[in-house]
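Visitor: everything below, folded, please.
(one chain, ligands or ions: 2)
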Amino acid sequence: MAHTKKKIGLIGGGQIGGNLALLAVQKQLGDVVLYDIPVAEGLVKGKALDINQLSAVDGYDCRVTGSTDWKDVAGSDVVIITAGVPRKPGMSREDLLDVNLKIMRDVAANIKQHCPNAFVINVANPLDAMVFALHKIAGLPKNMVVGMAGVLDTSRFKCFIAEALGCSIRDVEALVLGGHGDDMVPLVRHSTVGGVPLTQLIPADKLNAIIERTRKGGAELVNLYKTGSAYFAPASSSIAMAESYLLDRKRVLPAAALLEGQYGMNGYFFGVPTQIGAGGVEKIIEVQLNDAEKAELNKSFESVKKTVGEVKL
Ligand SMILES: NC(=O)c1ccc[n+]([C@@H]2O[C@H](COP(=O)([O-])OP(=O)(O)OC[C@H]3O[C@@H](n4cnc5c(N)ncnc54)[C@H](O)[C@@H]3O)[C@@H](O)[C@H]2O)c1
Ligand SMILES: O=C(O)C[C@H](O)C(=O)O
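Guide: Ligands and ions are numbered 1, 2, ... in the order given. Sure, this is the predicted structure:
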């Protein structure tokens with residue numbers, strides 16, 4: 001019988017990779033290959049077996065295969081990359097550039113060889129520079145390569161807003177633009193709660209504290225965990241993007257996409273609202289910004305450019 005289930009290749013079977021596998025199965029998005037390097041064979045085979053046994057309890061028909069062979073990943077419809085070292089307290093994401101670039105060179109070359117038709121979502125840090133390197137090395141079409149950060153940063157922003165107001169998170173509409181760094185741009189003026197402008201609901205000083213906490217959201221988790229970084233929310237955020245592609249949902253999600261003139265920026269991956277559907281990144285949406293917001297976005301762009309400038313391919 002023909003194999004009609006979608007195939008999801010997860011590159012990196014660590015904290016985020018394991019949670020991605022679990023979510024993909026629970027949402028029945030397709031069969032999963034959880035790939036890692038040979039030294040982590042037991043880890044990926046163990047996680048696969050554990051999740052498959054959970055599937056029996058809950059009746060999920062998708063299967064996870066743990067593998068250290070790229071041939072098993074070949075032909076994936078979606079590939080999510082979490083292969084990379086997470087930071088420890090006191091480090092910046094940029095401190096991971098050299099070590100994670102080395103890993104990305106290997107991963108991107110294998111994607112080029114084995115998964116040339118996949119929609120590829122990079123998660124590894126420093127996010128915007130790593131997705132830039134991925135695109136250059138793998139040579140995939142620009143609409144098929146994207147970085148996950150905006151969904152996570154926006155969900156942190158929404159979480160803190162809902163907490164401050166004691167309201168349902170369902171009614172919070174918000175957006176964070178820019179690079180995945182401390183100068184990302186939470187857009188207060190464009191955020192609403194149940195249609196009511198956020199600026200009307202939360203006083204400026206409290207809002208500034210929320211913006212600051214959002215910007216440092218990753219470090220807050222790193223300081224709590226001590227040996228690694230966030231993984232539950234990053235996994236959910238990546239799955240939202242994969243699901244929109246696989247099910248052609250055409251959701252409008254912030255993501256690091258290749259800019260070619262939008263926002264006056266060119267040749268870099270940067271966090272902007274995208275529409276993700278069966279065509280991958282089908283649209284990039286330009287939000288109308290005032291001068292102050294533009295200045296903040298440009299500052300974030302300069303940071304991304306600086307890190308990308310250090311990428312040696
Ligand atoms: N974009 C975001 O918003 C975001 C959020 C959280 C974490 N991250 C980043 O994601 C990455 C992974 O985080 P984690 O917590 O899952 O880390 P982790 O250490 O738990 O897992 C990483 C895995 O990658 C594997 N790996 C290393 N080299 C590999 C290779 N060449 N091929 C395949 N696998 C390889 C490791 O063996 C390990 O199992 C880190 O770089 C982290 O900074 C990004
Ligand atoms: O902060 C990190 O190092 C991990 C990730 O980028 C995050 O925002 O949680």
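
Visitor: what is the burial count for V196?
Guide: For V196, the neighbour count with other Cβ atoms under 10 Å is 10. In this view, the C-beta of every residue, glycine as well, is placed from N, C-alpha and C.

Visitor: roughly how far does it sit from ligand 1?
Guide: 29 Å (Cβ to the nearest ligand atom, to the nearest Å).

Visitor: am I right that R156 sits in a helix?
Guide: Yes: checked against DSSP: H, G, I helix; E, B strand; the rest coil, R156 lies within a helix.

Visitor: count of neighbours near the closest residue to it other than its chain neighbours?
Guide: Distances taken as Cβ to Cβ, 6 or more residues apart in numbering put G217 closest to R156, at 4.1 Å, once the chain neighbours are dropped. For G217, the neighbour count with other Cβ under 10 Å is 22.

Visitor: close to ligand 1: what parts of this structure are there?
Guide: Taking Cβ under 6 Å from any ligand atom, the part of the chain that reaches ligand 1 is made up of 11-17, 35-37, 40, 82-87, 96, 100, 103, 106-107, 123-125, 127, 148-149, 152, 180, 228-231, 234.

Visitor: one step back: how near is the residue nearest to R156 to L297?
Guide: 18 Å (Cβ to Cβ, to the nearest Å).

Visitor: contact partners for V107?
Guide: 11, 81, 83, 134 (Cβ atoms under 8 Å, 6 or more residues apart in numbering).

Visitor: pretty sure V120 sits against M148.
Guide: No: the pair V120 and M148 does not pass the contact test of Cβ atoms under 8 Å, sitting 10.7 Å apart.

Visitor: element containing the residue in the stretch 201-313 of the chain positioned nearest to ligand 2, please.
Guide: Closest approach of the stretch 201-313 of the chain to ligand 2 (Cβ to the nearest ligand atom) occurs at G218, with a separation of 2.1 Å. G218 is part of helix 217-225 when elements are defined by DSSP states H and E.

Visitor: and this structure, which residues reach ligand 2?
Guide: Residues of the chain found near ligand 2, taking Cβ under 6 Å from any ligand atom as the criterion, are 86-87, 93, 125, 152, 180, 217-219, 221-222, 229-230, 234.

Visitor: the residue of the stretch 201-313 of the chain found nearest ligand 1 and M148: what is the separation?
Guide: Using Cβ to the nearest ligand atom, the closest approach of the stretch 201-313 of the chain to ligand 1 is made by P234 at 3.6 Å. Applying Cβ to Cβ, the value for P234 to M148 is 7 Å.

Visitor: okay, those two: which has more neighbours?
Guide: M148 (31 against 24).
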